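Chemist: Here is a sequence with its predicted model. Questions after.
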Amino acid sequence: MQSEQNVTVIGDVHGCLPSLSQLLEKIPEDSPLIFIGDLINRGPASLETLRLVHSMGKRATLILGNHEMHLLATAAGAGKPNRRDTIDEILAAPDAEELIDWIRRQYLLYDWKDYTFVHAAIDPAWSLKKARALACEVHEHLRSDHWKEYLQEMYGKDLWDNDLTGPARMRAILNGFTRIRFVDKKGIPDYKAKDSPGNTPKHLMPWFEYSHRKTKDDNIVFGHWSTLGLVIQEHIIALDTGCVWGGALTAVMLPQRQVIQVKAPQYCDPFA
């Protein structure tokens, strides 16, 4: 019987199976797990990491990150692996179809008690109600028989507009959940800046610091941003601590906000 009193949220794993195994040893076996996205890619064991989490059954929930979406698009014939990708082993695996079908039935947005989990952000233009509706819109397509057609034009830096339709709407929704780090003084996302907040042009700020974002009073947990690191504020928890880059793999148990962490070896050079 899994505990309904707590949940443990795990930051971006990126296929770093040894670090994940060490972290899991520190987590109670009855605690449900939420992986905040980017479970795979760049690290040394994407396939085995994915298989492990898939084997956990109902204990594990995955938030879809940009690397999961990249895998799905590649599986759909709409993308191709990049130089630093480690997803070929997943695509070539005998259980690839089973694993990909499991991924596409996971979540862009997931709620537990009064916490909401997303991979990177919630676009400042969206209320939580709006974000839930947009996530459900994508979920419906990804879980359907036409998911491959839906993802054919996934790549692009489209910004959200209520009048968007078709592939541009899909791209803007996916960007709003899986890519945002910074926004400008009007709350408009900037997809070029990826550094830490202290090394960025002054007109940009972390998306969660935008004073007029519509989710400022909601509890949001996210990852994606390794140069931001661990952040725990009243309504914000950021969990990507750069596991694949030689940082750490971090989890937080909710609602008590207990931090669990293991130091990670450097599997990938950010300057390579």
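Modeler: Here it is on my side, so go on. Numbering: from 1, shown residues only.
Chemist: Please enumerate the strands of the stretch 151-272 of the chain.
Modeler: Assigned by DSSP state E, counting those that start in this stretch, the strands in the stretch 151-272 of the chain fall at 182-183, 189-190, 205-206, 219-222, 231-232, 236-238, 248-254, 258-263.
Chemist: for the fourth one, packing partners?
Modeler: Meaning strand 219-222. With contacts defined as 3 or more CB pairs under 8 Å, 6 or more residues apart in numbering; DSSP states H and E, strand 219-222 has these neighbours: strand 115-118, strand 236-238. From N, CA and C alone the C-beta is placed, and that goes for glycine too.
Chemist: Likewise for the longest one?
Modeler: Under the contact definition 3+ CB pairs under 8 Å, 6+ apart, strand 248-254 sits against strand 7-10, helix 17-24, strand 258-263.
Chemist: and if we set it to 10 Å?
Modeler: The elements that strand 248-254 packs onto, with contact taken as 3 or more CB pairs under 10 Å, 6 or more residues apart in numbering; DSSP states H and E, are strand 7-10, helix 17-24, strand 33-35, strand 219-222, strand 236-238, strand 258-263.
Chemist: Can I get those in TSV including mean neighbour count and distance to residue 160?
Modeler: Output for the helices and strands packed on strand 248-254, formatted as TSV (neighbours: other CB atoms under 10 Å; distance: least, CB to CB, whole Å):
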stretch	mean neighbour count	distance to residue 160
strand 7-10	24	26
helix 17-24	19	33
strand 33-35	23	25
strand 219-222	24	17
strand 236-238	22	20
strand 258-263	15	33
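Chemist: Select, out of these, the one closest to residue 52.
Modeler: Closest to residue 52 of the helices and strands packed on strand 248-254, according to CB to CB: helix 17-24, at 7.0 Å.
Chemist: what angle separates that closest one from strand 258-263?
Modeler: 150 degrees (axes from the mean of the first three to the mean of the last three CA atoms, to 10 degrees).
Chemist: circling back to that earlier point, I'd like the strands of the stretch 151-272 of the chain as TSV, with distance to residue 75 appended.
Modeler: TSV is the format used below for those (distance: least, CB to CB, whole Å):
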stretch	distance to residue 75
strand 182-183	30
strand 189-190	27
strand 205-206	32
strand 219-222	25
strand 231-232	33
strand 236-238	29
strand 248-254	26
strand 258-263	31
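Chemist: got any ranges where the stretch 1-150 of the chain has weak pLDDT?
Modeler: Applying pLDDT under 70 to the stretch 1-150 of the chain flags residues 1-3.
Chemist: all helices of it, in order?
Modeler: Here the stretch 1-150 of the chain has its helices, by DSSP state H, counting those that start in this stretch, at 17-24, 46-55, 66-75, 88-91, 96-103, 128-142, 147-150.
Chemist: Which among those helices is found nearest to residue 201?
Modeler: With distances scored as CB to CB, the stretch of these nearest to residue 201 is helix 66-75 (22.5 Å).
Chemist: How far does that closest one sit from its chain's centre?
Modeler: Relative to its chain's centre, helix 66-75 lies at 12 Å (CA atoms, centre = their mean, to the nearest Å).
Chemist: before we move on, the earlier item: among the helices of the stretch 1-150 of the chain, pick out the one with the most neighbours on average.
Modeler: Highest mean neighbour count among those (mean count of other CB atoms under 10 Å): helix 66-75, with a mean of 23.
Chemist: Alpha carbons of that helix, in PDB - could you do that?
Modeler: Coordinates of each C-alpha in helix 66-75 appear next as PDB, following Å, rounded to 0.1, in the frame of the first residue of the first chain:
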ATOM      1  CA  ASN A  66      11.500  18.700 -23.500                       C
ATOM      2  CA  HIS A  67      13.700  15.600 -23.800                       C
ATOM      3  CA  GLU A  68      10.700  13.300 -23.500                       C
ATOM      4  CA  MET A  69       9.000  15.300 -26.200                       C
ATOM      5  CA  HIS A  70      12.100  15.200 -28.300                       C
ATOM      6  CA  LEU A  71      12.100  11.400 -28.000                       C
ATOM      7  CA  LEU A  72       8.400  11.200 -28.900                       C
ATOM      8  CA  ALA A  73       8.900  13.500 -31.900                       C
ATOM      9  CA  THR A  74      11.900  11.400 -33.100                       C
ATOM     10  CA  ALA A  75       9.900   8.200 -32.700                       C
END
